[in-house]
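*Asks:* Structure, please.
(one chain, ligands or ions: 1)
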Amino acid sequence: MPKSLISIHDFSKDEILHILDIAADFEKNPNQPILQGKVIATLFFEPSTRTRLSFETASNRLGARVIGFSDAGNTSVSKGESLKDTIKMVSNYVDLIVIRHPLEGSSRYASEVASVPVINAGDGANQHPSQTLLDLYSIRKTQGRLDNINIDMVGDLKYGRTVHSLLQALSLFESPQFTFTAPKELSMPDEYKEFLKSKGIPFKETTELMDGLNQSDILYMTRVQQERFTDPMEYEKVKNCYSLTASMLGGAKENMKILHPLPRINEIAQDVDETPFAYYFKQAKNGMYVRMAIISYLLGYR
Ligand code: CP
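*Replies:* Next up, the predicted model:
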């Protein structure tokens, strides 16, 4: 089976650092057509702006061509074709598959039936490992290190797949300190807290946004994931749980940076964008270089 990226655990710490180094090289020189003749598929069964477009831009900058869809309703899935058959078919056409799907575990399943590498671009509330690698890249770029990072994860920690992958990745580095800021209904799932406990990594839990903010190197904001709620009333109760404004940042560490996987709804006010703490748009741009690195690594070119 070719090497895929489904969970952040699929890469060792050395591989993660290697990807970040390749990405830094691509950032210096973003047009390196080393994948001419290759074809990459982006199969998006769920909406996306950044992930799909940055994977496609990354592929184009590497000289590869891209096929795919952003609406499975226009494919034979709407006639009842299974995920297995879809993946087996697309495997026949391309050299690498990028997939986003609402079902947890779907990307792992796709990698097991595909004959080419598969990148998980988000499977339900489970994992989003390419986002994690770009988050790590952004943390290292702004803080100069990945060890001893104090990070406050805020918002929907239950359904937010990016915090699940990032927590696991940071556990590979020295002395991470976590604060989990969420309403009780959206708190960090037990399996991730048990994971940290098993590694002896400390974490605090709070419902108050100001509790962890001033100690943090990274404030990792997330949106409440409306699409994962089965009961709309439950979403209504928590949808406005946090709203970060510029006036709340007076006591923040000088080099603190605010990350957000985006899209944002109302959890970060527009006035924060003008502060030196805002890094989320640069973070999204970093995603392009990191995805160039992931693709070229999985295809054996770096
Ligand atoms: N960060 C992220 O996954 O954004 P998109 O949903 O726009 O791809």
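
*Asks:* count of neighbours near the closest residue to the ligand within the stretch 201-302 of the chain?
*Replies:* Closest to the ligand within the stretch 201-302 of the chain is Pro261: 3.6 Å, counting by Cβ to the nearest ligand atom. Quick note: C-beta positions are derived from backbone N, CA and C, even for glycine. Residues contacting Pro261 under the criterion other Cβ atoms under 10 Å number 26.

*Asks:* if I read this right, Leu244 contacts Glu267, doesn't it?
*Replies:* Yes: in terms of Cβ atoms under 8 Å, Leu244 counts as a neighbour of Glu267; the distance is 6.4 Å.

*Asks:* Tell me where the longest helix sits in the protein.
*Replies:* Identified as the longest helix of the chain according to DSSP state H is helix 280-298.

*Asks:* Compute the distance between the residue lying farthest from the centre of the chain and the ligand, please.
*Replies:* The outermost residue of the chain, judged against the average C-alpha position, is Lys79 (30.9 Å), by Cα atoms, centre = their mean. Remark: distance between Lys79 and the ligand (Cβ to the nearest ligand atom, to the nearest Å) = 27 Å.

*Asks:* Angles on the backbone of that residue, please.
*Replies:* In terms of degrees, to the nearest 10, the main-chain angles of Lys79 are phi -100, psi 0.

*Asks:* ok, the closest residue in space to the residue of the stretch 201-302 of the chain closest to the ligand that isn't next to it in sequence - how many residues close by?
*Replies:* Among residues not flanking Pro261 along the chain, Thr162 sits closest, at 4.5 Å (Cβ to Cβ, 6 or more residues apart in numbering). Using other Cβ under 10 Å, Thr162 is surrounded by 23 other residues.

*Asks:* The helix or strand containing Thr162 near the ligand at all?
*Replies:* If you go by DSSP states H and E, Thr162 is part of helix 161-170. No: remark: helix 161-170 sits outside contact range of the ligand, by Cβ under 6 Å from any ligand atom, the gap being at least 6.7 Å.
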